[in-house]
Each structure stands twice: as C-alpha cells, then as structure tokens.
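# 3D model of this:
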Amino acid sequence: MIKLQPWTSFWKDIVLLVLLLVVLWQRNLFRDTHTTAVMVLAVLFCLGLAIYAVRYLPPYDGLAYAIGENIPANMKNREPFRFKYLVTKDGKETEFDQYPTDTTYQFKEMIGPLNPEAGPRITDYRLWNGDTDFTQASFQGNHLFLIIQDVNKANLSTIDNLRALLKSLEGSSVQPAILTSSPEDDFNAFRHEYQLAVPYYFADFKVLKTIVRSNPGLWLLSNGTVRGKWSFASVPSKETILEKVNP
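Here you go, the predicted model:
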C-alpha cells in the first residue's frame, strides 16, 4: 500500500533482516506456549486475509480505480510539472525556475521534471470495440461493467447470477456492459455460450486487473466516479446497484 523508492525498500529489508537475525539468535526465548499461540494466530490471520482477498476483494484498495475515485480526474496531471533551466550569459551559468524573458541569455539545459509524482495516476485507461472508442462515453451516465479479464480463466460459479443482474438493469438508469481483454473470437464464443447479450468493449489486461482483481468482477461508474466494486462471489442485487448511483 506504500509506494517506496528502490533504495528505501532495500534499507527496509535490511532492517527486517537484522530483526530476524535477532529472533534466530534468541530463538530459545520464543519457544514458550504463549509465544507459539501468538505465532499460530498470526499465521491463521495472514492465511485468512489472503483467502478472503482472493475470493472477494482486498479489504483496502489504494489504487486509482478504487471506490470514490474519479477516473477522468485521475487521468489528468495532479499539478503542473516543474523544471529548472540552465542558461548562460557572458560565460556565466545561471539557474532559473522559470525560463527568463531576457533574450540575451543562451539556453543550455532543462532539468526535470522536478516533481514526477505530479503526473496522472491513470495513463492507460481506454475502452474500444472496433473503430468505436468508448473511453469518454464511459464517464457519462451510469455504467455497470462486468469485467472478464480472461474468459479461459474466469470463475463461472456465479455466471447465472451475473447474467441475471445485467439483464435486470436493462431499461434502468444504469447501463450494463462487459469489459474484456480476451481475443475477440474467444470472447464472442464465450458470450454466445453464456447468453451475455449486452454491449461489450475491450481494454488492456493490466488495466482490467488493476480495476478489479476478481475474474470476473463488477465495477460501477457514475459520471466517471467509482460507486461500487464486487467480486464474482458477492454479486449485488439490482436494488443495491440503483441505490449506489441514486443515494
């Protein structure tokens, strides 16, 4: 959840290694019943959290597609990029934060950006079907997207519930659609087999996996803002979807 620079991550690992060496050196102190019970509980908690996150969704989503995030806003720069300008005049080098208006200066070098973190959080979100680009249209109105990253690896245990939910939304204020990164021939065969008669669009696999880790999963957008996200194991009702977009 915390984005670390490479060297920061390296020194974090060194600190943890030193602590683990202390535990190894003093391992006899950690063999009493109380400590063993704590370790067992810690292992069970980690396993339980991992199983929950795989079957449902991670309890915390710190990514740019999380509930409450506005996708169009995340596709813009967070602030203007800053640069430094090296110029020379009469053999003397000078550094400016803004390029000087004095034309007697000669440009030497531009350094930056000094704040690379100011760039957009989302750079590769794009939806399409053939020549139709649906990216901007996905930010208008309400959309419930069934995301199937790979039709060959999708968990189909609740496909009937997912199909029923999409069908129930037809004619409502929420437009159902499917997003996939599977090859078009594979997806067409899949949607005909499971009678998924709703519009569909293609997207990059990494983008879809970032949006929702579940395959398949549901992603609810209202005017570009994420209102809900569900895994295949927790399919919501039509009423829940409508409440999310009309609180």
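
# ok, now which ones touch the most centrally placed residue in the chain?
The chain has residue 210 as the residue nearest its centroid, 3.5 Å off, counting by Cα atoms, centre = their mean. The contact partners of residue 210, by Cβ atoms under 8 Å, 6 or more residues apart in numbering, come to 63, 64, 65. Quick note: C-beta positions are derived from backbone N, CA and C, even for glycine.

# again, but for residue 149
Contact analysis of residue 149 by Cβ under 8 Å, 6+ apart lists 180, 181, 182, 205, 208, 209, 215, 216.

# Kindly reformat the residues you listed as CSV containing pLDDT and neighbour count.
Listed next are the contacts of residue 149 as CSV, based on pLDDT from 0 to 100; neighbours: other Cβ atoms under 10 Å:
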residue, pLDDT, neighbour count
180, 98, 25
181, 97, 18
182, 96, 20
205, 97, 13
208, 97, 24
209, 96, 16
215, 95, 17
216, 97, 25
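
# Tell me which two of the residues you listed sit farthest apart.
Spatially, the most separated pair among the contacts of residue 149 is 205 and 216, at 13.6 Å (Cβ to Cβ).

# List of residues touching stretch 128-140?
By Cβ under 8 Å, 6+ apart, the surrounding residues in contact with stretch 128-140 are 71-72, 125-127, 199-203, 221, 223-224.

# Any chance of CSV for these, columns pLDDT and neighbour count?
Below are the contacts of stretch 128-140 laid out as CSV (pLDDT from 0 to 100; neighbours: other Cβ under 10 Å):
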residue, pLDDT, neighbour count
71, 98, 20
72, 97, 15
125, 97, 19
126, 97, 14
127, 98, 21
199, 96, 12
200, 97, 20
201, 98, 20
202, 98, 20
203, 97, 22
221, 98, 23
223, 97, 14
224, 97, 18
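
# Return the subset of these lying in helices.
Using DSSP state H, the subset of the contacts of stretch 128-140 located in helices is 71, 72.

# Can you get me the start-to-end distance on stretch 154-173?
Stretch 154-173 stretches 28 Å from its first residue to its last (Cα to Cα, to the nearest Å).

# Just the CA atoms of stretch 121-139, as CSV, please.
Coordinates of each C-alpha in stretch 121-139 appear next as CSV, following Å, rounded to 0.1, in the frame of the first residue of the first chain:
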residue,chain,number,x,y,z
ARG,A,121,-2.4,8.4,-11.7
ILE,A,122,-4.0,6.7,-14.7
THR,A,123,-2.3,6.8,-18.1
ASP,A,124,-3.6,3.7,-19.9
TYR,A,125,-7.4,3.5,-19.4
ARG,A,126,-9.0,3.1,-22.8
LEU,A,127,-12.2,1.2,-23.9
TRP,A,128,-12.9,0.3,-27.5
ASN,A,129,-14.8,-2.0,-29.9
GLY,A,130,-13.5,-2.0,-33.4
ASP,A,131,-13.4,1.6,-34.5
THR,A,132,-15.5,2.8,-31.6
ASP,A,133,-13.7,4.5,-28.7
PHE,A,134,-15.9,4.2,-25.6
THR,A,135,-13.5,5.8,-23.2
GLN,A,136,-15.1,9.2,-22.8
ALA,A,137,-18.6,7.8,-23.1
SER,A,138,-17.9,5.6,-20.1
PHE,A,139,-17.7,8.8,-18.0
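
# If you count neighbours, what's buried in that stretch?
Neighbour-count burial for stretch 121-139, counted by 16 or more other Cβ atoms under 10 Å, picks out 121, 122, 125, 127, 134, 138, 139.

# which SS class is the residue nearest to the centre of the chain?
Following DSSP: H, G, I helix; E, B strand; the rest coil, we place residue 210 in the helix state.
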